[in-house]
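Chemist: Build the 3D model from these lines:
(4 chains, ligands or ions: 4)
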There are 4 protein chains.
Amino acid sequence: MTVRVGVIGTGAIGREHISRVENVISGGRITAVTDVNEQSAQSAVRDFNLNAAIYPDDQALVADGNIDAVFITSWGPAHESSVLLAVEAGKYVFCEKPLATTAEGCLRIIEAEKKHGRRLVQVGFMRRYDEGYAQLKETLDQNEIGNVLMVRAAHRNAAVDESYKTNMAVTETLIHEIDALHWLIHDDYHSVKVDFPRKTKHAHAELQDPQVFTLKTKQGVLINVEVFVNCRYGYDIQCEVIGEEGIARLPEVPSVIVRKQSKASTNILNDWKLRFMDAYNKELQNFFDAIEAYGQPQGPSAWDGYIAAVTADACLKAQETGEEQDVLLGEKPEFYEQKLHV
Amino acid sequence: MTVRVGVIGTGAIGREHISRVENVISGGRITAVTDVNEQSAQSAVRDFNLNAAIYPDDQALVADGNIDAVFITSWGPAHESSVLLAVEAGKYVFCEKPLATTAEGCLRIIEAEKKHGRRLVQVGFMRRYDEGYAQLKETLDQNEIGNVLMVRAAHRNAAVDESYKTNMAVTETLIHEIDALHWLIHDDYHSVKVDFPRKTKHAHAELQDPQVFTLKTKQGVLINVEVFVNCRYGYDIQCEVIGEEGIARLPEVPSVIVRKQSKASTNILNDWKLRFMDAYNKELQNFFDAIEAYGQPQGPSAWDGYIAAVTADACLKAQETGEEQDVLLGEKPEFYEQKLHV
Amino acid sequence: MTVRVGVIGTGAIGREHISRVENVISGGRITAVTDVNEQSAQSAVRDFNLNAAIYPDDQALVADGNIDAVFITSWGPAHESSVLLAVEAGKYVFCEKPLATTAEGCLRIIEAEKKHGRRLVQVGFMRRYDEGYAQLKETLDQNEIGNVLMVRAAHRNAAVDESYKTNMAVTETLIHEIDALHWLIHDDYHSVKVDFPRKTKHAHAELQDPQVFTLKTKQGVLINVEVFVNCRYGYDIQCEVIGEEGIARLPEVPSVIVRKQSKASTNILNDWKLRFMDAYNKELQNFFDAIEAYGQPQGPSAWDGYIAAVTADACLKAQETGEEQDVLLGEKPEFYEQKLHV
Amino acid sequence: MTVRVGVIGTGAIGREHISRVENVISGGRITAVTDVNEQSAQSAVRDFNLNAAIYPDDQALVADGNIDAVFITSWGPAHESSVLLAVEAGKYVFCEKPLATTAEGCLRIIEAEKKHGRRLVQVGFMRRYDEGYAQLKETLDQNEIGNVLMVRAAHRNAAVDESYKTNMAVTETLIHEIDALHWLIHDDYHSVKVDFPRKTKHAHAELQDPQVFTLKTKQGVLINVEVFVNCRYGYDIQCEVIGEEGIARLPEVPSVIVRKQSKASTNILNDWKLRFMDAYNKELQNFFDAIEAYGQPQGPSAWDGYIAAVTADACLKAQETGEEQDVLLGEKPEFYEQKLHV
Ligand SMILES: [Mg+2]
Ligand SMILES: [Mg+2]
Ligand SMILES: [Mg+2]
Ligand SMILES: [Mg+2]
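Modeler: Ligands and ions are numbered 1, 2, ... in the order given. This is a model prediction of the structure:
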């Protein structure tokens, strides 16, 4: 079976996913596109030589009987309504983060999905598909290091532009750890606080950089995440999990080792896209494969999207108040308790 | 464009490539199959749910107007005649090693391809598509370490079965270094000798293991390759290039680092297939992409297949005689001098 | 010149220093000993074949005209009075931590030393003499990574015995980071708080383990130190400094790398003494060398002992209250502003 | 007991050992010196503030009843006669390499020592005292990797001056591996050949650089040693031992890891003295300690000096002839079969 995909939003990320489906992975093809900028939709069809209908809006697109799934790659505030339209039409949904801009929006999607009776929605948290995270999770799930007590993580970018403000450390950066870490350790967040270390001179006036988030989970795990987006030296993702019997650490990105001029050195990536390129490919491949194998996606769910929204809200409030904030999650519906395959 | 592929040989490796084309990569589909065992061909069609014709033999298959390319994944002695048939029919060819079992066979293919006027044939040396080798080559091509003086490599398997004899250290194992190393350093082999160190007790009577091959190139580069196929500890590929200004080394396979019981450890693969899984995917993806972009493959050529055959012959003779042997390569045809994109 | 040393306290650590002076390093010899247990003093003389006087107490020992320096290796509560006696007698002092059990005690020693007019006292914080810390300090002092913004450290022991209680995470363990980190980054502590993650099952009832201390410095540097004394896997000291231009990390303890049974592994020490063996040797060698070269010690000063005492007090209060505590340091006397050579 | 040492040869290496004994290690002191250049001997006494007699020659020095041991740190051709004088006088001898410039000279020393009835002589092969080699040896001796099959080593210097000729790759450089490797694997050399790879442009006309030595042992172990003395990037010693059950590798020199400007890097030493500084200290400390504990040295023996001489001769002949050469060792005297403690 080939999954026929309608793409809502043909900007940069939309085009990347189109290219991925058409040129890199198996199991899907793009049969419809729409964008608020119609020229953008036309360019996508032309540039990727798609055999795809162009629709004026998401409503028209989801109504197309010739699509099985939609990719929602528009800007964040538009996600919720597109997801709801697609779910109501019974289409599979791959939605880039955020699932919705509010926790309430996520809950509305959850309700719609539950009404449908089985999962339709996958949120674009690609880290779970990264080979390194997969190994780390396997290590934990095999109980190699015993119960988890602490996590130390860092999310560093070489530099960000002027548009990146203090709150985006949460919504654009930490958000990936928020999803990945609770998944990794099978736990839920209980509270969060933030510390602002001495600010780097490379951050502009409206950006506090670095920031350190301390999250506590319901099981008492203490999670320390450094977000440092003008670290200068490269794009670098670190994660170390401390357990009762040992410690496990994310592998470094493989690099040729060069000995030259009194140094032994490996390369550090600068471009974050390269860091998770394989993960991006695998998340969409898995989306298609799971639809074929199980009739529903197996990746990050609408509930995971909700967790991200609630936790990000608490993090933002912690930034504003300087105080520890509770992460007030609702009860997890039975509907989402099924064993996930990823 | 989708490359329509006929598969000659639906054994283990043929099935893997079928699965790859159908389930993992983009740009091709399987439209015909044949195998000396007809049931095997039928199983492949059924198991992978192919919409493909089943032919009684390679001759019938290459005559199918509904295929653009053939994959030759039959047993080695059958390769040459299938390649010649396909080339004469003007089909693209992806042929697993060996291209032919003799240097003369390779030359016959080269003549046929030259007659055709442009490249049709790619040989299945997948290491060139490995991310680590690609980085190493980039390092050398960027002149990061100056002129190459020496190469130290090792090709180790955890264990082999009883059917693996001393000569197979050349034809099944070293053959990958033979292709990868001349490509890596842009040089041709001049001579080879072999040393037999103390034999491991884990090798059976008819297998000398380990073996160490010393190759010299026309530029004087000294290449030392250890082949050790009962090393017990895992599948491990090492390659270090020593240049005038520095040294570059293949990255290790990325692995979670675990600290436990007084050890910090990373995992070593046991299964060679996992080591080069991405490379296998990329070699076929590149085969399709190059056909689409350039109208001819860009990977290892029939000439590379010939180099492998001539060099392997010299290595076998060095094993038998214990003496240094010349690697007697003919003049490289202008036809193969074009800039390769990989 | 040979520094003649009187040892006050011939327990385990006293004996180690005696052995070090007599059998490993240059520049000193033991000429007097005392211990509250006279038999212990006699055993030391006999076991190390010392040509040394045995005194009934510290007062008698410091009065001996045949000693230039005293090592104070008695139990902590006795340190202050012995140091004061020695300083008043104009002897050099090498005092194991703590310099005194209270900040006030440290200040009394500082006053006595100032009265003497030049430094006499060195406190036994050996980490500064560790080759890895020395390299890290050199990296920072050479401005390789720009201004320091954060420090992440961990101090892990395989296991501790029943006598080790929650507060000892400060007085026995963190105390080493307290000294090493302010020295490393040329900064003073401003406040401290402590988090108690999920407790390991391997800690007994009266020990909270692990603990995470967050220190802020006057410059705003955020320091995160994990203390985990039942980590099971070994003795492990980690330290990473995050600067504006890059990051520097303490080297691992060198270990043979073994590839075996599908793992590549290095050894982690279990015994903390082995970790800093060279540093212990170097701190005493430097004590002797500085006395010979400069007429005063160059290592950790009485002021550093005071910083440790004040900071440890704040850490203990943070443990008890669960609140952030200020580190209330007095003004650093001009007397201690001289350039230290270590 | 303090070992009283007479130093024959107060050039660079003699002065370093004097400084080591006086300022760094325990258990010895310099009580006599001599040098062919009397001013050099006088300078040594003055510069290191020695309480030592100055003698006109080695004969006079060994006759001094006030010395227990001699350090022979003169130029190589003078070693043999000084060693013989010292042995005949019943003094302990620490002799820098070479023990003698010929195998016959070494045998004469062996005969003299045997006549004395117990070991007096230690040769200055310091690698055995390096912490990394000690760990590697421990790994092998504990049978961690089973029987040894191969060794791969490299000895690289950043650069050498014009006086360094092709043969010195053996006498000044490989000589250290010659001693260390047979000790490491408890085996004797059987033959050697040499390959000359493409020559680096950084080597002058009279120096073939790099060179690769292939040694075979009596047990059939194949040893490959690269000697590359203008490698540019630093001083680097590599050693990997391949066994039947696994592989063990010498640790890297510990270095701070810096992440900066898209690289993660560690430092490589340039100065060979720094690489083995601790080993130099330990070899002399062990020389003194063994004399005290056992009445005889435990380090590299006169027999080891003889092995080095015979093997170096075969290597030089292999360089000249281009042919494989036998290493013709005599029978090891029972006298040297005692268990060595290092
Ligand atoms: Mg995503
Ligand atoms: Mg292949
Ligand atoms: Mg100490
Ligand atoms: Mg030496």
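Chemist: Surely residue A:172 forms part of a helix?
Modeler: Yes: the assignment for residue A:172 (DSSP: H, G, I helix; E, B strand; the rest coil) places it in a helix.
Chemist: can you pull the contacts of it?
Modeler: residue A:164 (C-beta atoms under 8 Å, 6 or more residues apart in numbering or on different chains). Placement of C-beta: from N, CA and C, glycine included.
Chemist: May I have the predicted confidence score for it?
Modeler: Looking at residue A:172, its pLDDT stands at 97.
Chemist: For residue A:310, see how far away it is.
Modeler: Going from residue A:172 to residue A:310 by C-beta to C-beta, to the nearest Å gives 17 Å.
Chemist: Nearest spatial neighbour of residue A:303, chain-adjacent residues omitted?
Modeler: Closest residue in space to residue A:303, ignoring its immediate chain neighbours: residue A:336 at 4.2 Å, by C-beta to C-beta, 6 or more residues apart in numbering or on different chains.
Chemist: What is the burial count for residue A:148?
Modeler: 25 (other C-beta atoms under 10 Å in any protein chain shown).
Chemist: dump the residue contacts of it.
Modeler: Contacts of residue A:148 by C-beta under 8 Å, 6+ apart are A:140, A:185, A:187, A:219, A:221, A:241-243, C:198.
Chemist: Show me the beta-bridge partners of it.
Modeler: residue A:243 (DSSP bridges).
Chemist: Now do it, the pLDDT please.
Modeler: Reading off the model, residue A:148 has pLDDT 98.
Chemist: hey, where'd the helices end up in the stretch 51-200 of chain A?
Modeler: A:58-62, A:79-88, A:103-116, A:131-141, A:168, A:175-185 (DSSP state H, counting those that start in this stretch).
Chemist: Tell me which of the ones you listed sits nearest to ligand 4.
Modeler: The minimum distance between ligand 4 and the helices of the stretch 51-200 of chain A falls on helix A:131-141, with 44.8 Å, by C-beta to the ion.
Chemist: Tell me if that closest one is near chain B.
Modeler: Yes: using C-beta under 8 Å from any C-beta of the partner chain, helix A:131-141 comes into contact with chain B via A:131-132, A:135-136, A:138-139.
Chemist: Closest to ligand 2 out of those?
Modeler: For the residues of helix A:131-141 next to chain B, the residue nearest ligand 2 by C-beta to the ion is residue A:131; the value is 21.4 Å.
Chemist: What separation is there between the closest one and ligand 1?
Modeler: Using C-beta to the ion, to the nearest Å, residue A:131 is found at 16 Å from ligand 1.
Chemist: Can you report how many residues neighbour that residue?
Modeler: Look at residue A:131: counted by other C-beta under 10 Å, it has 16 neighbours.
Chemist: Same check on residue A:198?
Modeler: For residue A:198, the tally of surrounding residues (other C-beta under 10 Å) stands at 18.
Chemist: Stretch A:206-223 and chain C, any residue contact?
Modeler: Yes: legend: contact between stretch A:206-223 and chain C by C-beta under 8 Å from any C-beta is shown at A:210, A:212, A:214, A:216, A:219-222.
Chemist: Got a ChimeraX select line for the buried ones in those?
Modeler: For the buried members of the residues of stretch A:206-223 next to chain C, the matching ChimeraX selection, counting by 16 or more other C-beta atoms under 10 Å in any protein chain shown, is:
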select /A:210,212,214,216,220,221,222
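Chemist: if we can go back for a sec, let me know which of the helices of the stretch 51-200 of chain A is the nearest to ligand 2.
Modeler: Short answer: helix A:131-141, nearest of the helices of the stretch 51-200 of chain A by C-beta to the ion, at 21.4 Å.
Chemist: now for that closest one, which elements pack on it?
Modeler: helix A:175-185, strand A:236-243, strand A:246-249, helix A:277-294 (3 or more C-beta pairs under 8 Å, 6 or more residues apart in numbering or on different chains; DSSP states H and E).
Chemist: With mean pLDDT and distance to ligand 1 as added columns, please give those in TSV.
Modeler: TSV is the format used below for these (pLDDT from 0 to 100; distance: least, C-beta to the ion, whole Å):
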stretch	mean pLDDT	distance to ligand 1
helix A:175-185	98	8
strand A:236-243	98	14
strand A:246-249	98	23
helix A:277-294	97	7
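Chemist: Please spell out which residues along the longest helix belonging to chain A are buried.
Modeler: Taking DSSP state H as the criterion, chain A has its longest helix at helix A:302-321. By 16+ other C-beta under 10 Å, the buried positions in helix A:302-321 come out as A:302-316, A:318-319.
Chemist: for stretch A:11-23, same thing?
Modeler: A:14-15, A:17-18, A:20-22.
Chemist: how many other residues sit next to residue A:80?
Modeler: 22.
Chemist: ugh, wrong one, residue A:163
Modeler: Neighbours around residue A:163, by other C-beta under 10 Å: 9.
Chemist: Likewise for residue A:227?
Modeler: Residues near residue A:227, counting by other C-beta under 10 Å, number 25.
Chemist: got it, and the one 10 residues further on?
Modeler: Using other C-beta under 10 Å as the criterion, residue A:237 is surrounded by 23 other residues.
Chemist: Check residue A:296 too.
Modeler: 18.
Chemist: show me what contacts the residue in the stretch 151-300 of chain A positioned nearest to ligand 4?
Modeler: Nearest residue of the stretch 151-300 of chain A to ligand 4 (C-beta to the ion) works out as residue A:262 at 23.9 Å. Going by C-beta under 8 Å, 6+ apart, residue A:262 touches D:158, D:233-234, D:267-270.
Chemist: who in the stretch 101-250 of chain A is up against chain D?
Modeler: Checking the stretch 101-250 of chain A against chain D by C-beta under 8 Å from any C-beta, the hits are A:158, A:232-234, A:236.
Chemist: Show me which of those is closest to residue C:248.
Modeler: residue A:233 (10.8 Å; C-beta to C-beta).
Chemist: what are the phi and psi angles of that closest one?
Modeler: Dihedral pair for residue A:233: phi -80, psi -10, per degrees, to the nearest 10.
Chemist: Distance check, it against residue B:131.
Modeler: 22 Å.
Chemist: care to break chain A down by domain?
Modeler: A:3-127+A:278-306+A:332-336, A:131-269 (automatic domain parsing).
Chemist: would a markdown table of the ones you listed with distance to residue C:250 be doable?
Modeler: Output for the domains of chain A, formatted as a markdown table (distance: least, C-beta to C-beta, whole Å):
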| stretch | distance to residue C:250 |
| --- | --- |
| domain A:3-127+A:278-306+A:332-336 | 28 |
| domain A:131-269 | 15 |
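Chemist: Residue B:176 is nearest to which of those domains?
Modeler: Short answer: domain A:131-269, nearest of the domains of chain A by C-beta to C-beta, at 18.6 Å.
Chemist: what's the offset of the closest one from the middle of its chain?
Modeler: Chain-centre distance of domain A:131-269: 14 Å, with C-alpha atoms, centre = their mean, to the nearest Å.
Chemist: now stretch A:34-50
Modeler: 25 Å.
Chemist: for stretch A:113-131, same thing?
Modeler: Centroid displacement of stretch A:113-131 relative to its chain, using C-alpha atoms, centre = their mean, is 11 Å.
Chemist: mean confidence for that stretch?
Modeler: pLDDT averaged over stretch A:113-131 gives 97.
Chemist: before we move on, what about stretch A:62-81?
Modeler: Averaging pLDDT along stretch A:62-81 gives 97.
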